[in-house]
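Chemist: give me a 3D structure for the following:
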Amino acid sequence: MTQRTVRGEDALPSLAALRRRSAPIVMITAYDYPGGRIAEQGGADVVLVGDSAANTVLGYSSTREISVDELLVLTRAVRRAVKVIPVVGDLPFGSYEGSDELAVASARRFVDEAGCDAVKLEGAGAMLPRARAIIEAGIPVIGHVGLLPQSVTTPDGYRARGREVEQALAIIADASALEEAGCAAVVVEAVPSEVGTLIAERLTVPVIGIGAGSATDGQVLVYHDLLGYGEGRKAKFVRRYAEAHELFVDAVERWAADVRSRTFPTTDEGYGIDPAALAEVRRRL
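Modeler: Numbers count the residues shown, from 1 in each chain. Next up is the predicted model:
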């Protein structure tokens, strides 16, 4: 059977519809079943199972270290949780750059094995043929420009891009090229707000910002960042809406204290047995 190619805004119609209504798109990352349920129940429009799971969930020092198999496990869990809104799988480092065939094969795994509605890849330039090949295979693609975490190899590499004229122009051109290649949306990360505005003004597909100002068509944040769930440096563009890490540590500390003082569990937190049955157990012992 011939696979139908779906390009541009037709590929993720719910996001395109939000953009046409000038309704901001809410994208959130999630990495497991509870996270997916919370994201959908909390009103997100789309869930990205990001390669940032490498840092937030698996404890790697870089997003470059997570494998396709590891990310697929997490993506399947999210897909089981998310019933209505789209789920986007993030193609990890090394899973698409080498050839069009590799890119399509990896993308197919996220669709066939994890039920993704689309995949995301980083960069333009040499990655444009990869995006086109995936799209031609009938799989919607979300592009990613600006700061490209998979290209960062040192801690000081996580800095804003596009502050110089030529770099800003290159990022804008990359975003336009991804749209022309047929991408359904473009994520713009860590660029000056004005550059984010210029990109949003030029593209007809949704532009989703993360540290790209308020004029983009939507925003995305990492689940753990907005919840304060985990440790590490907080990026400038992150606003915390909870302090989950401290809350969870406090809960474990209080539980541990109750265990050590033998106030947990209480009788009401245990199961009983009929006295006659207990007497018979004791007799047979």
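Chemist: how many residues are close by Ala242?
Modeler: Counted by other C-beta atoms under 10 Å, the residues lying close to Ala242 total 11. The C-beta positions use only the backbone N, C-alpha and C, and glycine is treated the same way.
Chemist: so what's it up against?
Modeler: 226-229 (C-beta atoms under 8 Å, 6 or more residues apart in numbering).
Chemist: helix, strand or coil for it?
Modeler: Per DSSP: H, G, I helix; E, B strand; the rest coil, the local secondary structure of Ala242 is coil.
Chemist: could you measure it against Thr56, distance?
Modeler: Distance, Ala242 to Thr56, by C-beta to C-beta, to the nearest Å: 15 Å.
Chemist: quick one, helices of this protein?
Modeler: 13-20, 33-41, 53-56, 68-81, 100-112, 128-136, 165-180, 193-202, 223-227, 244-260, 275-284 (DSSP state H).
Chemist: okay, those in TSV with mean pLDDT and mean neighbour count next?
Modeler: Listed next are the helices of the chain as TSV, based on pLDDT from 0 to 100; neighbours: other C-beta atoms under 10 Å:
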stretch	mean pLDDT	mean neighbour count
helix 13-20	96	17
helix 33-41	98	18
helix 53-56	95	23
helix 68-81	98	20
helix 100-112	98	19
helix 128-136	98	21
helix 165-180	98	18
helix 193-202	98	19
helix 223-227	95	21
helix 244-260	97	12
helix 275-284	96	9
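Chemist: what's the closest of the contacts of Ala242 to Leu147?
Modeler: For these, the closest approach to Leu147 (C-beta to C-beta) belongs to Leu226, at 18.1 Å.
Chemist: these two touch, right, the closest one and Arg239?
Modeler: Yes. When contacts are counted by C-beta atoms under 8 Å, Leu226 is listed as touching Arg239 (6.9 Å).
Chemist: sorry, back to before: of the contacts of Ala242, which is the nearest to Gly8?
Modeler: Out of the contacts of Ala242, the member with the shortest distance to Gly8 (by C-beta to C-beta) is Leu226, at 29.2 Å.
Chemist: show the contacting residues for that closest one.
Modeler: Each residue near Leu226 by C-beta under 8 Å, 6+ apart is listed here: 28, 238-242.
Chemist: who wins on neighbours among those?
Modeler: Ile28 (25 neighbours).
Chemist: right, I'll leave it there.
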